[in-house]
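S.K.: my questions concern the predicted model and sequence given below.
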Amino acid sequence: ICNVYVDLKKIDRASEHLEYLIKKNPDSPAFYNDLGFIWADHDMKLAEAEKLIRKAIDLDRELRKKQKDYDPKTDHDSGAYLDSLGWVYFKQKKNEDAKEWLLKAIEDKSAQHIEIFDHLADVHMALGERDLAIKAWQKGLENVNDNRRDQERKAAVEKKLEKAKSSK
């Protein structure tokens with residue numbers, strides 16, 4: 001339901017819903033991450049967004065440690081949560097930090113997603129690393145699903161890619 005509110009540009013309603021879910025499920029990292037990401041993505045409450053995302057990462061680590069098949073040698077943070085942290089740093093204009101976290105995010109094989117590569121490319125562009133941005137966008141275009149959100153992101157990425165290529 002939160003995605004519906006976000007799609008309708010009703011960020012306050014999405015935030016209220018996630019804040020309610022956090023109160024009802026204080027140990028669920030997904031709700032903290034989602035709220036933090038939504039705020040960051042809409043340039044809202046960036047310091048609070050960072051705290052929420054860090055809490056999501058910490059809670060997720062604790063939950064993984066409790067699993068029977070937990071192996072500290074193969075354990076890793078969720079690429080989606082690392083992407084959120086990188087994105088909030090980008091929104092705070094902390095581009096070197098953003099790059100570090102986004103590079104960690106794409107190490108997660110389950111995080112090979114156009115949105116994460118788009119975020120990384122935006123950070124590369126902000127740092128003046130156009131060739132790396134182009135590579136990230138190209139990699140992102142290899143990781144597109146058929147859903148509407150991905151198709152919209154694909155169109156936006158294709159425009160950014162063309163602009164970056166033509167500015168050589």
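M.R.: Yep, it's here. Numbers count the residues shown, from 1 in each chain.
S.K.: burial measure for residue 73, as a count.
M.R.: Residues near residue 73, counting by other CB atoms under 10 Å, number 4. Yep, even glycine has a C-beta here, placed from its N, CA and C like the rest.
S.K.: now it: which helix or strand?
M.R.: Residue 73 belongs to no helix or strand when elements are defined using DSSP states H and E.
S.K.: okay, the helix or strand hosting residue 153 in CSV with CA atoms only?
M.R.: In the assignment (DSSP H and E), residue 153 maps to helix 148-166. This file holds the C-alpha atoms of helix 148-166, laid out as CSV (Å, rounded to 0.1, in the frame of the first residue of the first chain):
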residue,chain,number,x,y,z
ARG,A,148,6.0,-0.6,-14.9
ARG,A,149,8.4,0.9,-12.3
ASP,A,150,11.4,-0.7,-14.0
GLN,A,151,10.2,0.3,-17.4
GLU,A,152,9.9,3.9,-16.3
ARG,A,153,13.4,3.7,-14.7
LYS,A,154,14.7,2.2,-18.0
ALA,A,155,13.4,5.1,-20.0
ALA,A,156,15.0,7.6,-17.6
VAL,A,157,18.3,5.8,-17.6
GLU,A,158,18.4,5.6,-21.4
LYS,A,159,18.0,9.4,-21.5
LYS,A,160,20.8,9.9,-18.9
LEU,A,161,23.0,7.5,-20.8
GLU,A,162,22.5,9.3,-24.1
LYS,A,163,23.2,12.7,-22.5
ALA,A,164,26.4,11.4,-20.8
LYS,A,165,27.6,9.8,-24.0
SER,A,166,27.0,13.0,-26.0
